[in-house]
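Participant: 3D, please:
(one chain, ligands or ions: 1)
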Amino acid sequence: MAKKITSPSNTLQLNFEKDSNKESVKRSELSGRIRLIVASFLFLTSILLAVAFASSFFMGVADQSEVERSTLDVIEGSDIPVKNLAGLLGAKIAHFFLFRTFGWSSVLLIPLFLLSALKVGFRKEIYSVDRLSWQVLFYVIWGSLVAGFLSYQLDLPHSLGGGVGFFLNEKLHQLIGYMSIFVILFAGLVFMILFYQLNPKPKASAVPDAPSADEAAQMPLVPNGEDALFEEDLFDEDPSIHVDNDDLEKFRPIVPPLKVNSDVEELDLDEELATQDVPEVPVEEDLTFTYKVAEVDPNAPVEEVEELTTETKANDLVAQFGLYDPTADLPKYQYPTLDLLKEYDVKNQTTQVTMDELKENKEKIVETLQYYGIGISKIEATIGPTVTLYEIVPKAGVRVSKITSLEDDLSLSLAAMGVRIIGQMPGKNTIGIEVANKNREMVPVRAVIGSEKFQKSNFDLPVTLGKTISNEIFVADLAKMPHLLMAGATGQGKSVGLNMLLTSLIYKKHPATLKFVLVDPKKVELSLFNKLERHFLACLPDSEEAIITDTKKVVSTLNSLCKEMDLRYDKLKDAGCRNIKEYNQKFINRRLNPNDHDFMPYIVLVIDELADLMLTAGKEVEHPIARLAQLARAIGIHLVVATQRPSVNVITGTIKANFPARLSFKVMSKIDSRTILDAGGADQLVGQGDMLLSMGSEVIRLQCAFVDTPEVEEICEFIGNQQGYASAYLLPEPDSEETGGQERGDMDLSNRDSFFDEAARLVVMHQQGSTSLIQRKLKLGYNRAGRLIDQLEAAGIVGSFGGSKARDVLVKSETELEEILRNL
Ligand SMILES: Nc1ncnc2c1ncn2[C@@H]1O[C@H](COP(=O)(O)OP(=O)(O)OP(=O)(O)O)[C@@H](O)[C@H]1O
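Facilitator: This next block holds a predicted model:
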């Protein structure tokens, strides 16, 4: 059903038409096939040209006599031996272009055919084909003239400028002699000045001053009635979407990386997560987007609806305003600098493990194993910041399990803490034994944040926690984890670990692209981040504090996040995207209508101490956490949940099943270690940030970097002092049944928002019941605008919620509205 939003004013009209007519589907399929055929033809032509030209380049004039033969010979099937790799046809084509027409400048036709194929077949334009056509047309002729001049004057091969180039130069020379070259160059100059002045290259990156997409939607109509349009064509899946994190990060200043450890590998969790189920967002069928310019008379019937390719419109918008820049609201935002972090004397730290200690440990390992009848053919040590890894190659016939069962005995004989037998090292024929160093090395935060590896990582949510036992900087993508469960007995480094995680995200992300929901029942741990409220924090609309410390509020916040998740899924469905990256990319490319869509920042929910919540609210928190963990990653909500008590009533089966990535600092017992990691070992850690990270089958030992409270304070102050958003990012009000008694469903109109009247006048004047209109014009947050729309609905001013489209405005005139307002 077509839904039309009419307006008496000269504003953009959007007309969404859902066409279920089978014939149009068939037509669309047919045109798709024709497109592919044409694209294939263009592509093959470009290849044919390339091969023909390349062969001619190498073979020279070898085929010239053959191609001169008549077409009749070919038809009669006479054998015509040619050297061109594209056969007789290739030889003829090359001959035509090189000798008969424009010479070597004709090679410019190849990219033109290629780009045309791409445009026709995939609707992808990496460079405007129209623009290129003009350039190719000119440069082929002009190139032929320049080359023709050279071949004419210097007696170079004729093919340089082709027949045309040679002939024209001959005539020009007769006319004006050597001056001809100046005429040719001048013609080139004139073209270049005119062409590039009149058709400046569309900006590929966002321009800070470019109007936002919202503003773009309100641009006045140009005289011929053509105006901005935003894609809503859901039928058309766009294979060209290439999501590049750099698009979002392109405005960040580059912090000069500290060269700490560059030859290290990044951890990719893709494979591990490939098995996880994420619901596919169903894409609505054949929803076509058309537009119509408003008639002067609002009551006049719309007679003509012109259908435009939304892609072209989006391209026009991008050409006009540049890509949408999500960071444009905070154009002067400065990323925290490395000098906010303390500098430690790194040199002195690398000599913590002495040769004597190494030898002593080696001998004790060999002795102990020999005592139990295990022979070793080789032993190797790798010194890490906290532990040293001894890799042994047992003699033939030794069972691995025999060695792994000796953990306690080895621990005793080494008289060391933190002895952990890894078993077979992944991909090696060695068995790893980790032994804690007598003097451990602290890993300063600056060393990891400033490392080249972290600075250069282009993950969606890059986190660096510290170093591996082989001193490599560990960088992972939280978006791929996609959620992290953290455990550790008190005082073992959990809070420092959480601070590290938050710090690394803050160092890499712009406030427009990331929001944190911080839940801190202990009330003190995350309070440092309060200063980030207007930059990085998200909270419920009525919250006084952006950091949630009250258990009751936690439940509403979790439910609100579930609602945000559902809303985001709706938007994704509307936009025909499968995940947040595709969606945001589409939004940046101005292919989504900003009246119905927004740029979505990632949301990271951090809960510091799940145990308190589980004990006080049980299922009320378990259910939304599990739901978010199951479904939220595709829409960019990621969870980091920490607890001191990794017992089964805190980390329940449901929660555990949905957190494939688990991190454990030292815990008190083997049972705790099994609960969190499904393996022992966390009880053997040595504390102070010594930790095990489990992702699927792999367990890695890491030393968490140390970020001190004053450092976090400095970072937060650095950001907090900068211009921020008007408020924290507001999450949607949870639905009434989800708020546990905070009724909202039956809207109490006696308690109307102070902007109610203004909002009502606005929607009636514009005849457009859209939340974003209210948000924009009254400069309100999304949630408040959403509440206002609900109140307007309750007052009968706008119709009910109809998906992503604006609601119907039920009151048609301002007089009628004033009457309603008086009676309320
Ligand atoms: N990565 C680290 N490197 C060096 N020292 C560390 C590290 N992490 C923690 N520590 C030391 O351990 C102390 C306790 O750490 P932290 O406050 O993070 O523990 P916690 O597990 O959060 O404890 P709680 O649960 O009681 O808050 C820190 O004050 C610091 O001295």
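
Participant: For the ligand, what's its nearest residue on this structure.
Facilitator: Closest residue of the chain to the ligand, C-beta to the nearest ligand atom: Gly689 (2.3 Å). Bear in mind the C-beta positions are built from the backbone N, C-alpha and C, glycine included.

Participant: count of residues packed around Leu341?
Facilitator: Leu341 has 25 neighbouring residues, counting by other C-beta atoms under 10 Å.

Participant: nope, Gly375 is what I was after
Facilitator: Applying other C-beta under 10 Å, we find 12 residues neighbouring Gly375.

Participant: what's the pLDDT at the most far-flung residue of the chain relative to its centre?
Facilitator: Distance from the C-alpha centroid of the chain, by C-alpha atoms, centre = their mean, peaks at Gln174 (61.9 Å). In the predicted model, Gln174 carries a pLDDT score of 84.

Participant: in what helix or strand does it lie?
Facilitator: Taking DSSP states H and E as the criterion, Gln174 maps to helix 162-176.

Participant: Kindly calculate the angle that the helix or strand just after that helix makes with helix 162-176.
Facilitator: Using DSSP H and E, the next helix or strand after helix 162-176 towards the C-terminus is helix 180-198. Helix 180-198 and helix 162-176 are oriented at 110 degrees to each other (axes from the mean of the first three to the mean of the last three C-alpha atoms, to 10 degrees).

Participant: what pLDDT, on average, does helix 180-198 get?
Facilitator: Mean per-residue pLDDT for helix 180-198: 84.

Participant: Which positions in that helix come out as buried?
Facilitator: Buried residues in helix 180-198, counting neighbours by 16 or more other C-beta atoms under 10 Å, are found at 180-181, 184, 188, 191.

Participant: CA atoms only for that helix - export them in PDB, please.
Facilitator: Extracted C-alpha coordinates of helix 180-198, given in PDB (Å, rounded to 0.1, in the frame of the first residue of the first chain):
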ATOM      1  CA  SER A 180      50.600  23.300 -34.000                       C
ATOM      2  CA  ILE A 181      51.900  21.800 -30.800                       C
ATOM      3  CA  PHE A 182      51.000  25.000 -28.900                       C
ATOM      4  CA  VAL A 183      47.500  24.900 -30.300                       C
ATOM      5  CA  ILE A 184      47.200  21.300 -29.200                       C
ATOM      6  CA  LEU A 185      48.600  21.900 -25.700                       C
ATOM      7  CA  PHE A 186      46.400  25.000 -25.400                       C
ATOM      8  CA  ALA A 187      43.300  22.900 -26.300                       C
ATOM      9  CA  GLY A 188      44.300  20.500 -23.600                       C
ATOM     10  CA  LEU A 189      44.700  23.200 -21.000                       C
ATOM     11  CA  VAL A 190      41.300  24.800 -21.800                       C
ATOM     12  CA  PHE A 191      39.600  21.400 -21.500                       C
ATOM     13  CA  MET A 192      41.300  20.700 -18.100                       C
ATOM     14  CA  ILE A 193      40.500  24.000 -16.600                       C
ATOM     15  CA  LEU A 194      36.900  23.900 -17.800                       C
ATOM     16  CA  PHE A 195      36.200  20.300 -17.000                       C
ATOM     17  CA  TYR A 196      37.800  20.200 -13.600                       C
ATOM     18  CA  GLN A 197      36.400  23.600 -12.600                       C
ATOM     19  CA  LEU A 198      32.900  22.800 -13.700                       C
END
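
Participant: What are the contacting residues of that helix?
Facilitator: For helix 180-198, the external contacting residues (C-beta atoms under 8 Å, 6 or more residues apart in numbering) are 134-135, 138, 142, 145-146, 149, 169, 172-173, 176.

Participant: could you redo the last one with a cut-off of 6 Å?
Facilitator: For helix 180-198, contacts defined as C-beta atoms under 6 Å, 6 or more residues apart in numbering pick out 138, 142, 145-146, 149, 172-173.

Participant: just how off-centre is it within its chain?
Facilitator: Its chain's C-alpha centre and that of helix 180-198 lie 42 Å apart, by C-alpha atoms, centre = their mean, to the nearest Å.

Participant: Just the closest of the buried residues of helix 180-198 to Ile651, please.
Facilitator: Taking C-beta to C-beta as the measure, Ile651 sits nearest to Phe191 out of those, at 70.1 Å.

Participant: how about Asn530, secondary structure?
Facilitator: In three-state terms, and counting by DSSP: H, G, I helix; E, B strand; the rest coil, Asn530 is helix.

Participant: Run a quick neighbour tally on it.
Facilitator: Counted with other C-beta under 10 Å, the neighbours of Asn530 add up to 14.

Participant: Summarise which helices and strands the helix holding Gln174 is packed against.
Facilitator: Under the contact definition 3 or more C-beta pairs under 6 Å, 6 or more residues apart in numbering; DSSP states H and E, helix 162-176 sits against helix 129-154.

Participant: For the helix it packs on, buried residues please.
Facilitator: Buried residues in helix 129-154, counted by 16+ other C-beta under 10 Å: 129, 132, 135-136, 138-152.

Participant: got the residues of the stretch 451-600 of the chain near the ligand?
Facilitator: Residues of the stretch 451-600 of the chain lying close to the ligand by C-beta under 6 Å from any ligand atom are 488, 490-496.

Participant: Looking at those residues, which are in helices?
Facilitator: By the criterion of DSSP state H, membership of these in helices covers 494-496.

Participant: Just the buried residues out of those residues, in ChimeraX syntax.
Facilitator: Of these, the buried ones can be selected in ChimeraX as follows, counting by 16+ other C-beta under 10 Å:
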select :494,495,496
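
Participant: okay, the ones in helices among the residues of the stretch 451-600 of the chain next to the ligand in TSV with distance to Ser116 and pLDDT next?
Facilitator: As requested, these are exported to TSV (distance: C-beta to C-beta, whole Å; pLDDT from 0 to 100):
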residue	distance to Ser116	pLDDT
Lys494	58	93
Ser495	59	92
Val496	57	94
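
Participant: need the strands for the stretch 251-400 of the chain, in chain order.
Facilitator: 287-291, 376-383, 387-394 (DSSP state E, counting those that start in this stretch).

Participant: mind checking which of those is nearest Leu762?
Facilitator: Nearest of the strands of the stretch 251-400 of the chain to Leu762, taken as C-beta to C-beta: strand 287-291 at 22.5 Å.

Participant: picking that back up, which members of the contacts of helix 180-198 are the farthest-apart pair?
Facilitator: Applying C-beta to C-beta across these, the maximum distance is between Phe138 and His173, 22.0 Å.

Participant: Correct me if wrong, but Gly432 is in a strand.
Facilitator: Yes. Assignment of Gly432 by three-state DSSP places it within a strand.

Participant: so what's it bridging to?
Facilitator: Glu391, Gly423 (DSSP bridges).

Participant: wait, doesn't it sit right on Met425?
Facilitator: Yes. Using C-beta atoms under 6 Å, Gly432 is in contact with Met425, at 4.8 Å.

Participant: Show me where this protein dips below the pLDDT cut-off.
Facilitator: Across the chain, the ranges flagged by pLDDT under 70 are 1-30, 60-81, 198-311, 345-352, 736-748, 802-805.

Participant: Spell out which residues of it are next to the ligand.
Facilitator: So the chain meets the ligand at 442, 488, 490-496, 644, 688-689, 704-706 (C-beta under 6 Å from any ligand atom).

Participant: For the residues you listed, which two are the farthest from each other?
Facilitator: For the residues of the chain next to the ligand, the farthest-apart pair by C-beta to C-beta is Met442 and Gln644; their separation is 22.9 Å.

Participant: Looking at these two, which is more packed in?
Facilitator: When Met442 and Gln644 are compared for neighbours, Gln644 comes out ahead with 24 against 16, by other C-beta under 10 Å.

Participant: need the contact list for that one.
Facilitator: Gln644 makes contacts with Thr490, as judged by C-beta under 6 Å, 6+ apart.
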